[in-house]
Structure formats: C-alpha cells, structure tokens
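Student: Fold the following for me, if possible:
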Amino acid sequence: MKKHDYQIFLDWNGNTGNGTTNYESYKRNYTIQIDGKPDIKGSSDPSFRGDKNRYNPEELFLASISSCHMLWYLHLCSINGVTVVDYRDSAIGVMIEKDRGSGYFESVILQPEVIILEPHKREKAKKLHHKANEMCFIANSCNFEIKHMPSIQIARDES
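Tutor: Residues are numbered from 1 along each chain as shown. Sure thing, here's the model as predicted:
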C-alpha cells in the first residue's frame with residue numbers, strides 16, 4: 001500500500017474591515033494556493049452570500065469527481081486497446097440543505113460523451129466506465145452512489 005500526501009494553502013481574503021462581527025460583515029472569498037500552480041479563486045455559492053464569479057466548494061467537489069473518473073477512464077481505455085479521441089462530461093450534482101443549515105450531496109450523475117476510433121469496441125468502452133468508478137479515488141471517498149450515463153460515439157473518418 002502506498003500513501004500519498006497533499007498540501008494546499010487556503011487564504012481567506014474576505015475581511016472587509018470588521019471581520020466576522022455579523023453574518024453580513026464579511027465576504028466569503030478565499031484563494032487556494034498550491035506550490036507551482038495557478039491560484040484558484042473561491043467563494044461560497046451565491047445562495048450563501050458568495051461571489052458568483054468565483055468557484056465554490058460544491059462546484060470544485062463535482063469537478064473532482066468528474067475529472068478523477070475521466071482520468072481513470074482514459075487510463076483503462078489505453079490499457080484495454082480503446083482509442084479515445086474526445087471526452088467531455090456534463091456532470092450534475094444535487095446537494096440537500098437541511099433546515100439547520102448543514103447539508104450533503106445526495107447524488108451525482110456523470111454524463112460523459114466519449115468518441116472512440118474502433119466501432120467494434122463500443123461496448124467495451126461503455127463497460128470501462130463502471131471499472132473507472134470502482135478505481136476512482138474521489139468516488140471511493142463519497143458516501144453516495146455516483147451514477148453514469150455515458151454516450152459512446154465512433155469518430156468519423158474525415159479523409
């Protein structure tokens with residue numbers, strides 16, 4: 001078994017001069033910094049007084065699930081002889097906010113649209129989404145089912 005450590009630096013930059021003296025007195029803006037990488041400007045969802053022009057934790061969570069699935073899927077296709085030439089996902093996540101303000105994600109649906117070269121490997125390409133879900137580090141860390149509705153198309157020969 002291998003252990004991987006990750007480190008980020010999060011800097012809240014929403015103090016408007018009065019700190020958190022009340023719910024309206026501060027901005028929810030923050031910056032995520034990772035050595036050697038571009039900063040990520042974040043805030044809360046606009047429903048929670050956040051900046052709509054910045055990424056919120058819920059969007060980043062959904063993006064983590066989608067991108068982890070994609071990376072595993074591409075890996076599995078490469079070792080199983082399925083040539084992917086395009087991959088796009090339109091992921092949907094549903095979060096439930098409880099009466100007291102806490103909440104949780106109840107569902108995520110990934111909707112990858114994949115284009116492959118080999119027509120005879122369409123079914124294999126579809127099945128590899130299940131295996132990618134089993135392998136995905138982020139999906140394995142979630143306490144809800146992540147569903148998949150993949151579309152597999154065959155690349156057209158433009159020559």
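Student: tell me the mean pLDDT over stretch 8-22?
Tutor: Within the predicted structure, the mean pLDDT of stretch 8-22 is 95.
Student: And the contacts of it?
Tutor: Contacts with stretch 8-22, where a contact means Cβ atoms under 8 Å, 6 or more residues apart in numbering, come from S25, Y26, K27, R28, N29, Y30, T31, I32, Q33, I34, S43. From N, CA and C alone the C-beta is placed, and that goes for glycine too.
Student: what separates that stretch from the chain centre, distance-wise?
Tutor: 26 Å (Cα atoms, centre = their mean, to the nearest Å).
Student: That one: end-to-end distance?
Tutor: The first and final residues of stretch 8-22 sit 28 Å from each other (Cα to Cα, to the nearest Å).
Student: Save the contacts of stretch 8-22 as TSV, and put in pLDDT too.
Tutor: Supplementary listing: these in TSV, determined by pLDDT from 0 to 100:
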residue	pLDDT
S25	94
Y26	96
K27	96
R28	97
N29	97
Y30	97
T31	97
I32	97
Q33	97
I34	97
S43	97
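Student: most surrounded residue in those residues?
Tutor: Highest neighbour count within the contacts of stretch 8-22, by other Cβ atoms under 10 Å: S43, with 21 neighbours.
Student: quick one: it from C136, how far?
Tutor: Here S43 is placed at a distance of 27 Å from C136 (Cβ to Cβ, to the nearest Å).
Student: ok, now I32?
Tutor: If you go by Cβ to Cβ, the gap between I32 and C136 works out to 21 Å.
Student: Now stretch 130-140: buried residues?
Tutor: Neighbour counts over stretch 130-140 (16 or more other Cβ atoms under 10 Å) mark A132, N133, M135, C136, I138, A139 as buried.
Student: quick one, domains of the chain?
Tutor: Domains of the chain are assigned by automatic domain parsing as 9-48, 57-154.
Student: Thanks a lot, see you next time.
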